[in-house]
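Student: dropping the sequence and predicted coords here.
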Amino acid sequence: MEGLQNMIYTVTFNPALDYIVRLDAFTAGAINRVNYEQVLGGGKGINVSIVLGNMGIKSTALGFLAGFTGEEIKRQLEGFGVAHDFVHLESGFSRINVKIKADRETEINGQGPDIPAAKRDELFKKLVRLKENDTLVLAGSIPKTLPDDIYERIMERLDGRGIRIVVDAEKKLLLNVLTYHPFLIKPNNHELGDMFGVVLKSDEELLAHAKKLQKKGARNVLISMAGDGALFLGEDGTTYKSPAPKGRLVNSVGAGDSMVAGFLTGFEESGGDYRRAFFQGVATGSASAFSEDLATRPEVEALLKTIL
């Protein structure tokens, strides 16, 4: 068990304003009229910060913002009471992602602003101020204007300083950072199989391959399995399984980020208990999936009672 952390920081390299619309059916090449619309500031790290705030845990959101969309993302974060310390870019604008929810879901994602090397260094300067027992959440894709190895560069700079780093990213990014011993990684069952070029069907197979990731350097592995629940392999060798809480899927956007926030909340509040962290993570991810918005504390507490 580790001492309680001082602070949680999240990094979102490519934040976005999500323009979410619902309509009965979407027809390409025609005028489509929506029956519901919402504009939400997001990005994986930002979502983690918002849910942490909803759970009563303070964090600081870091990353890059630009233009009028960046200002709106910042305004929304402040509305949630989330502290932020973004690097502001002089040109371009933070991206807009269009999420079309009809008979099928369609997404159109913006590319985001150019990030010069000087601005990248500005972010690095903020990160080197982190202290022992702080937690850093690195989540999401890397924009094409940043180097592919930005996760590794950050973790290399912070290596050996007692900072817990959570990495929620796709296969190649994840495999490349294991040598720096991330505190938590969160592949889903399909992503875990993809890392080894196999299809994993049973819990035993999933846990065996999670152990392989631990041998490569990961400390704790949280495996989400959609409707089949989740598995956890702790650095102390403990394993836990949770069924998926029962409810109606409303909006899957942010569910994985919410799971990370719930895990960190449980870990923080229990003084480092992995069982509590795991189940709180599962409940928080599901609470977001069952709601139009990101999870709130009462929603999480209600679901937690059904799986503990």
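Tutor: Sure, I can see it. Residues are numbered from 1 along each chain as shown.

Student: could you look up the SS state of the residue nearest the centre of the chain?
Tutor: Note on the chain: the residue nearest the mean C-alpha position is Asp257, at 3.2 Å, using Cα atoms, centre = their mean. Put simply, Asp257 is helix when judged by DSSP: H, G, I helix; E, B strand; the rest coil.

Student: so who does it touch?
Tutor: Lys44, Gly45, Asn47, Val48, Val51, Ala139, Asp168, Ser288 (Cβ atoms under 8 Å, 6 or more residues apart in numbering). Every C-beta, even on glycine, is put in place using the N, C-alpha and C of the backbone.

Student: can I get these in CSV with distance to Leu127 and secondary structure?
Tutor: CSV is the format used below for the contacts of Asp257 (distance: Cβ to Cβ, whole Å; DSSP: H, G, I helix; E, B strand; the rest coil):
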residue, distance to Leu127, secondary structure
Lys44, 17, helix
Gly45, 13, helix
Asn47, 20, helix
Val48, 16, helix
Val51, 22, helix
Ala139, 14, strand
Asp168, 17, strand
Ser288, 27, helix
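
Student: tell me the one of the residues you listed nearest Ala25?
Tutor: Relative to Ala25, the closest of those is Ser288; by Cβ to Cβ it sits at 26.1 Å.

Student: how about the closest one, what does it touch?
Tutor: Ser288 touches Val51, Asn251, Gly254, Ala255, Asp257, Ser258, Leu294, Ala295, counting by Cβ under 8 Å, 6+ apart.

Student: quick one: the second one is in a helix?
Tutor: What that stands for is Asn251. No. Counting by three-state DSSP, Asn251 is not part of a helix but coil.

Student: tell me the pLDDT of it.
Tutor: Per-residue pLDDT puts Asn251 at 80.

Student: following the host helix or strand of Leu213, which helix or strand comes up?
Tutor: Using DSSP states H and E, Leu213 maps to helix 203-215. Counting by DSSP H and E, the element after helix 203-215 in chain order, helix or strand, is strand 220-224.

Student: by contact count, what packs against that following strand?
Tutor: Applying 3 or more Cβ pairs under 8 Å, 6 or more residues apart in numbering; DSSP states H and E, one finds that strand 220-224 contacts strand 184-185, helix 189-196, helix 203-215, strand 230-233, helix 255-269, helix 274-289.

Student: and that strand, how far out from the chain middle?
Tutor: On the basis of Cα atoms, centre = their mean, to the nearest Å, strand 220-224 sits 13 Å off its chain's mean C-alpha point.

Student: which residues sit against the helix holding Leu213?
Tutor: 178, 185, 187, 189, 192-193, 195-196, 198, 200, 221, 223, 225, 231, 233, 235, 239, 241.

Student: from the residues you listed, list just the buried residues.
Tutor: 178, 185, 187, 189, 192-193, 195, 200, 221, 223, 225, 231, 233, 241 (16 or more other Cβ atoms under 10 Å).

Student: and those residues, which is closest to Val98?
Tutor: Of all the buried ones among the contacts of helix 203-215, Pro187 has the smallest distance to Val98: 27.3 Å, by Cβ to Cβ.

Student: so who does the closest one touch?
Tutor: By Cβ under 8 Å, 6+ apart, the residues touching Pro187 are Lys171, Leu174, Met195, Leu213, Val221, Ile223, Ser224.

Student: repeat that for Phe196.
Tutor: Phe196 neighbours (Cβ under 8 Å, 6+ apart): His209, Lys212.

Student: how near is it to Leu23?
Tutor: In this view, Phe196 and Leu23 are 40 Å apart by Cβ to Cβ, to the nearest Å.

Student: same check on Ser291?
Tutor: 20 Å.

Student: from the buried ones among the contacts of helix 203-215, which two are the most distant?
Tutor: Among those, Leu178 and Lys241 lie farthest apart (Cβ to Cβ), at 23.2 Å.

Student: about what we covered before: ok, so of the contacts of Ser288, who is nearest Ala28?
Tutor: Closest to Ala28, out of all of the contacts of Ser288 and judged by Cβ to Cβ, is Asn251, at 22.8 Å.

Student: wouldn't that closest one be in contact with Ser291 here?
Tutor: Yes. At 6.8 Å, Asn251 and Ser291 qualify as touching, with contact defined as Cβ atoms under 8 Å.

Student: ranges for the strands of the protein?
Tutor: Secondary structure of the chain, counting by DSSP state E: strands at 8-12, 16-22, 36-42, 59-66, 83-84, 87-89, 95-101, 105-109, 135-139, 164-168, 184-185, 220-224, 230-233, 239-242.

Student: thank you kindly, that will do.
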